[in-house]
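In: Provide a 3D model corresponding to the input given below.
(one chain, ligands or ions: 3)
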Amino acid sequence: MSTVKKEYKRVTVKSLVDMKKNGEKISMLTAYDYSMAKIVDAANVDVILVGDSASNVMAGHETTLPITLDQMIYHASSVIRAVNRALVVVDIPFGSYQSDPKEALRSAIRIMKESGAHAVKVEGGQEIKESVKRILNAGIPVMGHLGLTPQSIYKFGTYTVRAKEEQEAHKLIEDAKLLEKMGCFSIVLEKIPAKLAKEVAESVSIPIIGIGAGNGVDGQVLVIHDLLGITQEFNPRFLRRYLNLYEEMGNAISKYVDDVKTRDFPSDEEQY
Ligand SMILES: Nc1nc(=O)c2c([nH]1)NC[C@@H]1CN(c3ccc(C(=O)N[C@@H](CCC(=O)O)C(=O)O)cc3)CN21
Ligand SMILES: CC(C)C(=O)C(=O)O
Ligand SMILES: [Mg+2]
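Out: Numbers count the residues shown, from 1 in each chain. Ligands and ions are numbered 1, 2, ... in the order given. I've put the predicted structure just below:
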């Protein structure tokens, strides 16, 4: 048969929970556009996060707060067009779910309807309980995000490790249990002592995906620009850089500029 379509075993919220059960670690990475998402999906990353970190790495803002729901939908719809296998999760941006549960549901519905994404992510526990319930009741899968929650950076003032005090550690575990009980399919844990993160992962049956949360959790997530070395000034301890693309891209582009200036490009073979 010449028209056989390539079969992809799609990642679903259920397969992620099964992966935890079977002890298989989950890989998650951000993407914000079609071309990058194609590469990430083809490399078999399990979950692609259209993160509100787009506010930083795509738009150049200092925090995640300014990015809008429309902008997140634009990024998400670009990513969705590239993906055949990964589960695509989209951050609901700051200001689009905190004021009331109906608004939260409207935002989640817009993301699902207008981008074709598979799930949404929201930051917080107890504080946003009613909103999470509403979204889940509409049949939209929700990923939680606890620990360092960048949308509330001005409440804390720093990006230091979270939940070092006993009281915060207790709330973190309670929040994780609450999100699980309500029906969230997974939780991101950001910048938490490894020992506590492991305890959280052992306290719930849904997968805990860490960033700066050690090796005792069920999966890892990074921002793709950090992993590829496109960002330069972001150097937290948890980051492993696999390339220095900032330098490599710069060198290639400088070479191009040189070739234009010296009339080396285009050559006889590169013209009509
Ligand atoms: N490029 C990028 N990568 C990310 O992982 C990321 C973003 N942007 N933007 C949104 C949030 C913000 N996140 C952050 C931000 C800062 C640290 C951090 O560790 N910053 C400092 C330490 C600050 C301190 O100790 O006071 C560092 O060491 O770089 C970690 C995660 C994760 N997200
Ligand atoms: C760092 C990850 C978890 C995130 O929320 C983002 O990229 O926006
Ligand atoms: Mg985010």
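
In: Output the set of residues of the stretch 101-250 of the chain in proximity to ligand 1.
Out: 148, 150, 158-160, 191, 223, 225-226, 231, 234-236 (CB under 6 Å from any ligand atom). (C-beta placed from N, C-alpha, C; glycine too.)

In: okay, those in JSON lines with secondary structure next?
Out: Formatted as JSON lines, these follow (DSSP: H, G, I helix; E, B strand; the rest coil):
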{"residue": "148", "secondary structure": "coil"}
{"residue": "150", "secondary structure": "helix"}
{"residue": "158", "secondary structure": "coil"}
{"residue": "159", "secondary structure": "coil"}
{"residue": "160", "secondary structure": "coil"}
{"residue": "191", "secondary structure": "coil"}
{"residue": "223", "secondary structure": "coil"}
{"residue": "225", "secondary structure": "helix"}
{"residue": "226", "secondary structure": "helix"}
{"residue": "231", "secondary structure": "coil"}
{"residue": "234", "secondary structure": "coil"}
{"residue": "235", "secondary structure": "coil"}
{"residue": "236", "secondary structure": "coil"}
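
In: Tell me which other helices or strands the strand or helix carrying residue 41 touches.
Out: Assigned by DSSP states H and E, residue 41 belongs to helix 34-42. Contact here means 3 or more CB pairs under 8 Å, 6 or more residues apart in numbering; DSSP states H and E; on that basis helix 34-42 packs against strand 47-50, helix 69-80.

In: Make a markdown table from the ones you listed and add mean pLDDT to it.
Out: Below are the helices and strands packed on helix 34-42 laid out as a markdown table (pLDDT from 0 to 100):
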| stretch | mean pLDDT |
| --- | --- |
| strand 47-50 | 99 |
| helix 69-80 | 99 |
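
In: now for the ones you listed, which one comes closest to ligand 2?
Out: Ligand 2 lies closest, by CB to the nearest ligand atom, to one member of these: strand 47-50, at 5.7 Å.

In: what comes into contact with that closest one?
Out: The contact list for strand 47-50, computed with CB atoms under 8 Å, 6 or more residues apart in numbering, reads 11, 16, 26-32, 37, 40-41, 72, 75-76, 79, 83, 86-91, 115, 117, 121, 209, 219, 221.

In: which of the residues you listed come close to ligand 3?
Out: Residues of the contacts of strand 47-50 in contact with ligand 3 (CB under 5 Å from the ion): residue 91.

In: Of the contacts of strand 47-50, which are in range of ligand 2?
Out: For ligand 2, the contacts drawn from these by CB under 6 Å from any ligand atom are 30, 91, 221.

In: okay, those residues in a markdown table with pLDDT next?
Out: A markdown table is the format used below for the ones next to ligand 2 among the contacts of strand 47-50 (pLDDT from 0 to 100):
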| residue | pLDDT |
| --- | --- |
| 30 | 99 |
| 91 | 99 |
| 221 | 99 |
